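1. I would like to see how this sequence folds:
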Amino acid sequence: MNEFKHYSVMTKEATDALNCQNGKIYVDATLGGGGYSELILRQIQPNGRLVAFDVDEDAIKVATKKLKHYKNLTIVKDSYTNIKNVLQILNIEKITGGIVFDLGASLHQLTCAERGFSFAKDAPLDMRFDQDADFSAYDVVNKYRENDLVYIFSNYGEERFSKRIAKRIVETRKKSPIRTTTELANLIISATPRTNSKLHPATRVFQAIRIEVNQELQNIKNTLEKVVPLLDVGAIITVVSFHSLEDRIAKQFFREHSNEGGLLVTFTKKPLTASEEEIKENPPSRSAKLRIAKRI
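-> Okay, the predicted model is just below:
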């Protein structure tokens with residue numbers, strides 16, 4: 001395994017919002033490198049409890065080693081979409097403290113060549129967060145109908161040349177399957193006109209495929225709905241998102257549940273963003289948005 005790299009964005013802001021207290025139960029829905037989990041664990045000693053979820057074996061190995069001195073941590077190799085069932089198995093009725101979601105891919109996933117997330121490195125088309133899953137980017141690129149590809153590229157990547165790219169993919173794969181990130185990236189370049197954009201032509205399509213492979217948007221939407229009944233009164237929910245599609249889901253969710261008769265009160269009408277200092281240290285944090293709400 002390559003060195004695991006993951007920078008947890010706005011860790012202080014997200015964990016401060018949770019108002020971590022000794023004796024309460026917290027959930028880190030997306031363990032990653034353990035950045036949020038470590039800050040939570042420091043503040044809930046000695047009788048608090050943290051349950052952390054991740055489907056990525058690489059992340060779990062690194063976080064387990066990093067957090068090995070904390071006894072009140074349960075790491076679960078499972079998707080946060082199964083939070084209700086997992087908490088039942090652990091005999092946890094309510095999340096009494098709060099939950100944090102750090103959405104999207106980790107730096108490790110995006111930069112580890114063999115994971116196939118990046119067009120910058122030649123690798124098999126993969127893009128699975130959970131490497132035990134059967135479905136990968138190869139299946140999307142080589143098996144989806146042209147109309148479905150157009151939909152994904154347009155809606156998940158906001159790609160304006162979706163039709164051209166989808167058509168070229170279908171034409172190309174008739175001759176032989178598209179197997180690698182480089183093949184796909186070159187195909188996208190050849191299918192789109194040159195523009196003045198600083199973005200690589202494949203950026204939006206690769207994002208769209210990654211979202212489809214891992215069902216990211218549907219998962220967060222469904223899980224946020226599941227989480228509300230699991231929160232005890234006073235428990236906090238924090239969501240860190242990295243692109244407009246994720247943030248839109250979080251914003252709409254908080255708005256709907258904060259209306260009259262709703263079960264949440266929202267603390268962030270406008271999302272919090274990373275400080276200038278953090279952006280200097282970790283430029284990708286520029287796009288991060290943090291939303292916070294409390295169960296009432």
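2. The helix or strand hosting residue 153 packs against which elements?
-> Here residue 153 sits within helix 146-156, counting by DSSP states H and E. Helices and strands touching helix 146-156, by 3 or more C-beta pairs under 8 Å, 6 or more residues apart in numbering; DSSP states H and E, are helix 162-175, helix 203-214. Using the backbone N, CA and C atoms, a C-beta is placed for each residue, glycine as well.
3. And the strands in the stretch 101-250 of the chain?
-> Per DSSP state E, counting those that start in this stretch, the stretch 101-250 of the chain carries strands over the ranges 236-241.
4. mind giving me the domain ranges of this protein?
-> 11-108+216-295, 118-214 (automatic domain parsing).
5. Throw the ones you listed into a markdown table and include mean neighbour count, thanks.
-> Output for the domains of the chain, formatted as a markdown table (neighbours: other C-beta atoms under 10 Å):
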| stretch | mean neighbour count |
| --- | --- |
| domain 11-108+216-295 | 18 |
| domain 118-214 | 17 |
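6. Point out where the chain drops to low pLDDT.
-> For the chain, the stretches flagged by pLDDT under 70 are 1-7, 105-111.
7. need the helices for it, in chain order.
-> Assigned by DSSP state H, the helices in the chain fall at 11-18, 35-43, 57-66, 83-89, 107-111, 137-143, 146-156, 162-175, 181-191, 203-214, 216-230, 244-258, 276-281.
8. closest one to residue 98 among the ones you listed?
-> Residue 98 sits nearest to helix 11-18 of all the helices of the chain, at 4.1 Å, using C-beta to C-beta.
9. Can you spell out which helices and strands pack onto that closest one?
-> helix 35-43, strand 98-102, strand 236-241, strand 289-295.
10. Tabulate the ones you listed (TSV), appending distance to residue 171.
-> As requested, these are exported to TSV (distance: least, C-beta to C-beta, whole Å):
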stretch	distance to residue 171
helix 35-43	44
strand 98-102	39
strand 236-241	35
strand 289-295	38
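11. and residue 151, which of the ones you listed is closest to it?
-> Nearest of those to residue 151, taken as C-beta to C-beta: strand 236-241 at 21.6 Å.
12. can you tell me which of the helices and strands packed on helix 11-18 comes nearest to residue 119?
-> strand 236-241 (22.6 Å).
13. partners of the closest one, with directions?
-> Paired strands of strand 236-241, with direction, are strand 98-102 (parallel), strand 289-295 (antiparallel) (DSSP bridges).
14. From the opening residue of stretch 272-283 to its closing one, how far?
-> 16 Å (C-alpha to C-alpha, to the nearest Å).
15. Can you pull out the residues in contact with that stretch?
-> 7, 9-10, 13, 285-286, 288-292 (C-beta atoms under 8 Å, 6 or more residues apart in numbering).
16. will you turn the strands paired with strand 236-241 into a markdown table that also has distance to residue 131?
-> Below are the strands paired with strand 236-241 laid out as a markdown table (distance: least, C-beta to C-beta, whole Å):
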| stretch | distance to residue 131 |
| --- | --- |
| strand 98-102 | 19 |
| strand 289-295 | 28 |
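17. Which among those is found nearest to residue 217?
-> With C-beta to C-beta as the measure, strand 98-102 is the member of the strands paired with strand 236-241 nearest residue 217 (12.8 Å).
18. Send me that closest one as PDB with only the CA atoms.
-> The C-alpha trace of strand 98-102 is given here as PDB (Å, rounded to 0.1, in the frame of the first residue of the first chain):
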ATOM      1  CA  GLY A  98     -23.400  14.000  17.500                       C
ATOM      2  CA  ILE A  99     -22.200  12.800  14.000                       C
ATOM      3  CA  VAL A 100     -19.800  14.200  11.500                       C
ATOM      4  CA  PHE A 101     -19.800  13.500   7.700                       C
ATOM      5  CA  ASP A 102     -16.700  14.300   5.600                       C
END
